[in-house]
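Visitor: 3D model of this:
(one chain, ligands or ions: 2)
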Amino acid sequence: ACLADAGHDVTGVDIDPGRVANLQSGRVPIYEPGLQEMAQSAVAAGRLRFTQPDDFEEPLGRVALVATGTPPGGGGGADLRQMRSALAWVREQRSWDTTVVMKSTVPPGTGERMITHELRGSGICYVSNPEFLREGRAIQDWQHPNRIVIGVALGDTGSVDVLKAMNVGIDAPRIVTDITSAEMIKYASNALLATRISFMNEIASLCERVGASIDAVSQGLAMDPRTGGRIYAGVGYGGSCFPKDVRALDHLALTSGVSVELLRAVITVNNRQRLLPLYALRERFCGAISGLRVAVLGLAFKPDTDDVREAPALDLIRALSDDGVLVTAHDPQANESARAFLPESVELVSDPMAATKGAQAVVLMTEWEQLVDADWESIASGMCPPRFVFDGRNALDAALMQELGFEYTGVGRGRTTDFWTRSIPLYVPNDQGAQ
Ligand SMILES: NC(=O)c1ccc[n+]([C@@H]2O[C@H](COP(=O)([O-])OP(=O)(O)OC[C@H]3O[C@@H](n4cnc5c(N)ncnc54)[C@H](O)[C@@H]3O)[C@@H](O)[C@H]2O)c1
Ligand SMILES: O=c1ccn([C@@H]2O[C@H](COP(=O)(O)OP(=O)(O)O[C@H]3O[C@H](CO)[C@@H](O)[C@H](O)[C@H]3O)[C@@H](O)[C@H]2O)c(=O)[nH]1
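Guide: Ligands and ions are numbered 1, 2, ... in the order given. Reported below is the predicted structural model:
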């Protein structure tokens, strides 16, 4: 949609007939702010259309952009079957001046292998152009990326020009390098971001123990540009990218005979974080949580998306249900996508009031604005004592929650939370760098 919006003529090809039919009639099957409107107007303007591979009749265009899934395969490595079948289809089109632009996240070394084997003798050029957009802000990130990475075969200046034409109107620093390095930049980016989150979560555990506040600590760290944009502690990272890409890099390291200690620790810490609310509930209720009524607010892996892939809330709810906890859950957009992944006993409701009514505890797993800014006073009056709240994203005003009669617990916010969150305005670094 962004490419069409920039004036290109775009055909989306997908093997999923339902997806194609929805998109062709202007219905975007995922929740992504602004995308529905943008796609609809591009379709109406005739610059964007959708089709299945077998129905594709025109000659392939200048660019064949591959954005098929690369889910985890056996052993944690990336499953490249979708990508291989898409490349085979491109090859079948016998269009000699097409450049394949690889947007999918593929392990370092993949592009070189594709050129040597799958594309050999086809005349098709191959560029690695990893994608760095975040869900929930996909359009903004596409239109204003913090960098454009272009990986090409030695001497392939033609493909660099194709990429420049494709990204017309986008003003961002570019790095042109070899294909394997471009692929590694993508994995290293995600692994470093995930590492920073697990690191902050480790520091949060320590803060908890020594009575420090992670809010002040992360604020202090963010003031040094060398440590990057602000990271918040919480119930860990989820989504379709960080978990799978860290595991895939770990797998690549293992199969390449390189030590993998750090990435393993990142994964272990993240797995622990998502169950912190369970541990806190067991402690607060002295282990007697079977039969306890708990509301879980937020199912998506982050706000502004209905994506529940690897969402921390799903693991938490399954673990709570295993312990006999009666869970009622709510997400502003993800109730439907989460249903298939939750035990039947879990009730999904359409607003936070209904989720919390009669509950003794509430857990915030996704910091949707409408959940953070919900009417917590009414929520408190509908809940039963002790009104225990676990703020899995450190997004609520701890002091206010205590004033409203909640027993508040955040992640590493320690005893000093009230003082710091009230007396110091939060330092927000340059938004471009913030994750
Ligand atoms: N989701 C993100 O925010 C994001 C950001 C950056 C990079 N990426 C990378 O982009 C890739 C795609 O991610 P996604 O989340 O959109 O995956 P997805 O699974 O949601 O979508 C992949 C689509 O490819 C289609 N498909 C599968 N095989 C095909 C084929 N042979 N021909 C045509 N279509 C085919 C599927 O039907 C599906 O609609 C992954 O490698 C991911 O790591 C994703
Ligand atoms: O300080 C933070 C920031 C994020 N998260 C969590 O980390 C996960 C990922 O968040 P985010 O990076 O905002 O979303 P994604 O859409 O998964 O985007 C990541 O994964 C994409 C796919 O590879 C990349 O393109 C993006 O650059 C990269 O940020 C979510 O569960 C967040 O809740 C934290 O716990 N603490």
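Visitor: State the helix or strand in which E344 lies.
Guide: Under the criterion DSSP states H and E, no helix or strand holds E344.
Visitor: Tell me the predicted confidence for it.
Guide: The model reports E344 with a pLDDT of 96.
Visitor: now the one 4 residues further on
Guide: Reading off the per-residue confidence, L348 sits at a pLDDT of 98.
Visitor: Is it correct that it is in contact with N335?
Guide: Yes - with contact defined as CB atoms under 8 Å, L348 reaches N335; the gap is 4.6 Å. No exception for glycine: its C-beta is placed from N, CA and C like everyone else's.
Visitor: any shared contact partners between the two?
Guide: Contact with both L348 and N335 is made by residues A329, according to CB atoms under 8 Å, 6 or more residues apart in numbering.
Visitor: need the contact list for L263.
Guide: With contacts defined as CB under 8 Å, 6+ apart, L263 is in contact with 191, 195, 246, 249-250, 253.
Visitor: Can you say which of those residues are buried?
Guide: Taking 16 or more other CB atoms under 10 Å as the criterion, what is buried in the contacts of L263 is 191, 195, 246, 249-250, 253.
Visitor: right, and D315 touches R274 too?
Guide: Yes - the criterion here is CB under 8 Å, and D315 meets it with R274 at 4.9 Å.
Visitor: Neighbour count: those two, which is higher?
Guide: Legend: neighbour count by other CB atoms under 10 Å for D315 and R274, higher for R274 (23 against 19).
Visitor: How about the more buried one: what's its closest non-neighbour residue?
Guide: Of all residues not flanking R274 in the chain, P312 sits nearest, at 3.8 Å (CB to CB, 6 or more residues apart in numbering).
Visitor: Which residues are in contact with that neighbour?
Guide: 235-236, 238, 273-274, 301, 365, 392 are the contacts of P312 under CB under 8 Å, 6+ apart.
Visitor: if we go to 10 Å?
Guide: P312 is in contact with 234-239, 243, 270-271, 273-277, 298-299, 301-302, 365-366, 392-393, counting by CB atoms under 10 Å, 6 or more residues apart in numbering.
Visitor: Buried ones from those residues, can you make that a ChimeraX selection?
Guide: Of these, the buried ones can be selected in ChimeraX as follows, counting by 16+ other CB under 10 Å:
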select :234,235,236,237,238,239,243,270,273,274,275,276,277,298,299,301,302,365,366,392,393
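Visitor: Can you tell me which of the contacts of P312 end up in strands?
Guide: Counting by DSSP state E, those place none of their members in strands.
Visitor: Within reach of ligand 1, which of the contacts of P312 are there?
Guide: Among the contacts of P312, no residue lies close to ligand 1 (CB under 6 Å from any ligand atom).
Visitor: which residues does the residue nearest the centre of the chain contact?
Guide: Geometric centre of the chain, nearest residue: G239, 3.8 Å, by CA atoms, centre = their mean. G239 makes contact with 134-136, 190, 245, 300-302, 305, 307-312, according to CB under 10 Å, 6+ apart.
Visitor: Let me know the pLDDT of the closest residue to L342 other than its chain neighbours.
Guide: Using CB to CB, 6+ apart and skipping residues adjacent in sequence, the residue nearest L342 is I317, 5.8 Å away. Looking at I317, its pLDDT is 98.
Visitor: Let me know the helix or strand that I317 is in.
Guide: Assigned by DSSP H and E, I317 falls within helix 312-322.
Visitor: Can you give the distance from that helix to the centre of its chain?
Guide: 19 Å (CA atoms, centre = their mean, to the nearest Å).
Visitor: Contact partners for K302?
Guide: Counting by CB under 10 Å, 6+ apart, K302 has contacts 134-137, 237-239, 311-312, 366-368, 393.
Visitor: Greatest separation within those residues: which pair is it?
Guide: Greatest spacing in the contacts of K302, by CB to CB: R137 and P312 (19.5 Å).
Visitor: list the helices and strands the next helix or strand after the helix holding I317 packs on?
Guide: With elements assigned by DSSP H and E, the helix or strand that comes after helix 312-322 is strand 326-330. Helices and strands touching strand 326-330, by 3 or more CB pairs under 10 Å, 6 or more residues apart in numbering; DSSP states H and E, are strand 293-297, helix 312-322, strand 347-348, helix 352-356, strand 361-364.
Visitor: Of these, which is nearest V127?
Guide: Closest among those, using CB to CB: helix 312-322, at 34.9 Å.
Visitor: Give me the angle between the closest one and strand 293-297.
Guide: Angle of helix 312-322 versus strand 293-297, following axes from the mean of the first three to the mean of the last three CA atoms, to 10 degrees, is 170 degrees.
Visitor: List the buried residues in helix 312-322.
Guide: 312-317, 320-321.
Visitor: same question, stretch 42-50
Guide: 42-43, 47-50.
Visitor: Max pairwise distance over these: which two?
Guide: R47 and F50 (12.2 Å).
Visitor: Mutual contacts of these two, please.
Guide: 10-11.
Visitor: any idea how far the residue in the stretch 151-300 of the chain that ligand 2 sits nearest to is from E135?
Guide: Proximity of the stretch 151-300 of the chain to ligand 2 (CB to the nearest ligand atom) peaks at C241, 2.9 Å away. From C241 across to E135, the span is 8 Å (CB to CB, to the nearest Å).
Visitor: and if you look at F199?
Guide: As judged by CB to CB, F199 and E135 stand 23 Å apart.
Visitor: Which of the two has more residues huddled nearby?
Guide: The residue with more neighbours, out of F199 and E135, is E135; 22 against 18, by other CB under 10 Å.
Visitor: near ligand 2, which residues of this structure show up?
Guide: Applying CB under 6 Å from any ligand atom, we find that the chain lies next to ligand 2 at 105, 131-135, 190, 193, 197, 231-232, 234, 236-239, 241-242, 301-302, 435.
Visitor: which stretches of this protein form strands?
Guide: Using DSSP E, the strands of the chain run over 10-13, 48-51, 63-66, 99-102, 125-128, 148-151, 174-177, 293-297, 326-330, 347-348, 361-364, 388-391, 407-409.
Visitor: export those strands to CSV and tack on distance to V217?
Guide: Output for those, formatted as CSV (distance: least, CB to CB, whole Å):
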stretch, distance to V217
strand 10-13, 45
strand 48-51, 46
strand 63-66, 42
strand 99-102, 39
strand 125-128, 37
strand 148-151, 32
strand 174-177, 32
strand 293-297, 26
strand 326-330, 31
strand 347-348, 36
strand 361-364, 21
strand 388-391, 16
strand 407-409, 17
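Visitor: right, and the ones you listed - which one's nearest L163?
Guide: For these, the distance to L163 is smallest for strand 148-151, at 5.1 Å, taking CB to CB.
Visitor: Show me how far that closest one is from its chain's centre.
Guide: For strand 148-151 - counting by CA atoms, centre = their mean - the centre lies 21 Å from the chain centre.
Visitor: and if you look at stretch 51-69?
Guide: Relative to its parent chain, stretch 51-69 has a centroid offset of 26 Å by CA atoms, centre = their mean.
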